[in-house]
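> Need coordinates for the below:
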Amino acid sequence: MIFILTGAVGSGKTTFLRGLVDELRASGMPLDGFLSLRVMMGGEIGGYDLFGIRDGQSQPFLRRTGPGEAQRVGPYVMLPAGLAKANEIIRRSRAGELLIVDEIGLLELEGRGFWHALKDVLFDEQRRSLVVVRESLLEQFRILFARVQVSVFEKKDWPELSNLLRGAGGFSVKIKFFAYFREMFGTKEKDLNAPPGSSLRSVLEILADTPARRAGIFAGDELQPHLVVMINGAALQASTGLETALKGGDVVAIFPLMGGG
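Purely as a prediction, here's the structure:
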């Protein structure tokens, strides 16, 4: 599912997104992606910085001058380090998260920029993305994604988009951590907002938000052999395992297999 935020240049798309990100984060919705923040130099727009939604870090992205071999976007040069950061953010995003991309431009629609990282996410019908597309490029985007479910929100519809996403926050699951998992996650328990239709696997994918946490939970695509996960006090059923469907109010306990001698 792709949500498109569109509007004219200077209509406030990024400002709206910054507020929306704060609202969705407060609701517990898992997010990743980036915003493009304007950089003023000498009283004029000197370029844009890439602002990572998950880590809050900024990276110079577009500037009026840069390496000669860099890709150009209108009057700007796409800095290689900024492009690498955009690709990294898109590729690390996970199923269950809302990926926010500000913005998709002509460069991406021509198969350049960060398109190669982004296309796999956008064409995945199991993923949800919120992307900014200028009005002048909207028709090209519609043609490219004719086979994907797309909803377009013009400026007059932005409040509706906000209400829709906040209302699509899914359901709450309580996660309880034991033994060294408490140190790994910095708490004994947490309430996690899971997207509609979430399985145990998708919830654990949300929890595995750093390399260390992922290594503690997963061995490849399966659970670590020393890991025990229980749902509402019961062991996982062999028939469903990680694909066990969760519902609001479920309690998931995570702890290492204890041994002795």
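> C-alpha only now, for contacts and for neighbours.
Will do.
> Kindly check the end-to-end length of stretch 64-72 for me.
9 Å (Cα to Cα, to the nearest Å).
> which of the residues in that stretch are buried?
64, 71-72 (16 or more other Cα atoms under 10 Å).
> Packing partners of the longest strand that the chain contains?
In the chain, taking DSSP state E as the definition, the longest strand is strand 31-41. Strand 31-41 sits against helix 13-26, strand 44-52, helix 80-92, strand 98-104, with contacts defined as 3 or more Cα pairs under 8 Å, 6 or more residues apart in numbering; DSSP states H and E.
> Try it again at 6 Å.
Other helices and strands packing on strand 31-41, by 3 or more Cα pairs under 6 Å, 6 or more residues apart in numbering; DSSP states H and E, are strand 44-52, strand 98-104.
> wait, which of these is closest to Ser151?
Ser151 lies closest to strand 98-104 among the helices and strands packed on strand 31-41, at 14.3 Å (Cα to Cα).
> Pull out the buried positions in the closest one.
98-104.
> do the same with stretch 201-217
With burial defined by 16+ other Cα under 10 Å, the residues of stretch 201-217 counted as buried are 201-208, 213-214, 216-217.
> For Lys156, which of the helices and strands packed on strand 31-41 is the nearest?
In terms of Cα to Cα, the element of the helices and strands packed on strand 31-41 nearest to Lys156 is strand 98-104, at 18.8 Å.
> Need the residues that contact the next helix or strand after the closest one.
Next helix or strand after strand 98-104 toward the C-terminus (DSSP states H and E): helix 106-109. The contact list for helix 106-109 (Cα atoms under 6 Å, 6 or more residues apart in numbering) reads 113, 115.
> measure Glu93 to Thr14 for me?
Actually, residue 93 is Ser. It isn't Glu. 20 Å.
> ok, which stretches of this protein are helices?
Applying DSSP state H to the chain gives helices spanning 13-26, 80-92, 106-109, 115-122, 138-144, 158-167, 180-185, 200-207, 211-217.
> ok, of those, where does mean pLDDT dip lowest?
Mean pLDDT is lowest for helix 158-167 out of the helices of the chain, coming in at a mean of 83.
> quick one, what contacts Asn87?
By Cα under 6 Å, 6+ apart, the contact set of Asn87 is 114, 117.
> Next one: it from Tyr48, what distance?
16 Å.
> care to break the protein down by domain?
Domain segmentation of the chain under automatic domain parsing yields 2-167, 171-256.
> for stretch 124-134, which positions count as buried?
127-134.
> same question but for stretch 77-86, I mixed them up
77-80, 82-83, 85-86.
> Just the endpoints, please. Distance across stretch 201-215?
OK, stretch 201-215 end separation, Cα to Cα: 14 Å.
> Just give me how far stretch 175-188 sits from the chain centre.
Its chain's C-alpha centre and that of stretch 175-188 lie 24 Å apart, by Cα atoms, centre = their mean, to the nearest Å.
> Output that stretch as CSV, nothing but the C-alphas.
Extracted C-alpha coordinates of stretch 175-188, given in CSV (Å, rounded to 0.1, in the frame of the first residue of the first chain):
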residue,chain,number,x,y,z
ILE,A,175,6.4,-7.7,25.5
LYS,A,176,8.1,-9.1,28.6
PHE,A,177,11.8,-9.5,28.7
PHE,A,178,13.8,-11.8,31.0
ALA,A,179,17.4,-12.4,31.9
TYR,A,180,19.9,-10.6,29.7
PHE,A,181,17.1,-9.5,27.3
ARG,A,182,16.2,-6.9,30.0
GLU,A,183,19.6,-5.3,29.6
MET,A,184,19.5,-5.6,25.8
PHE,A,185,16.2,-3.8,25.6
GLY,A,186,16.7,-1.6,28.6
THR,A,187,13.4,-2.6,30.3
LYS,A,188,11.5,-5.4,31.9
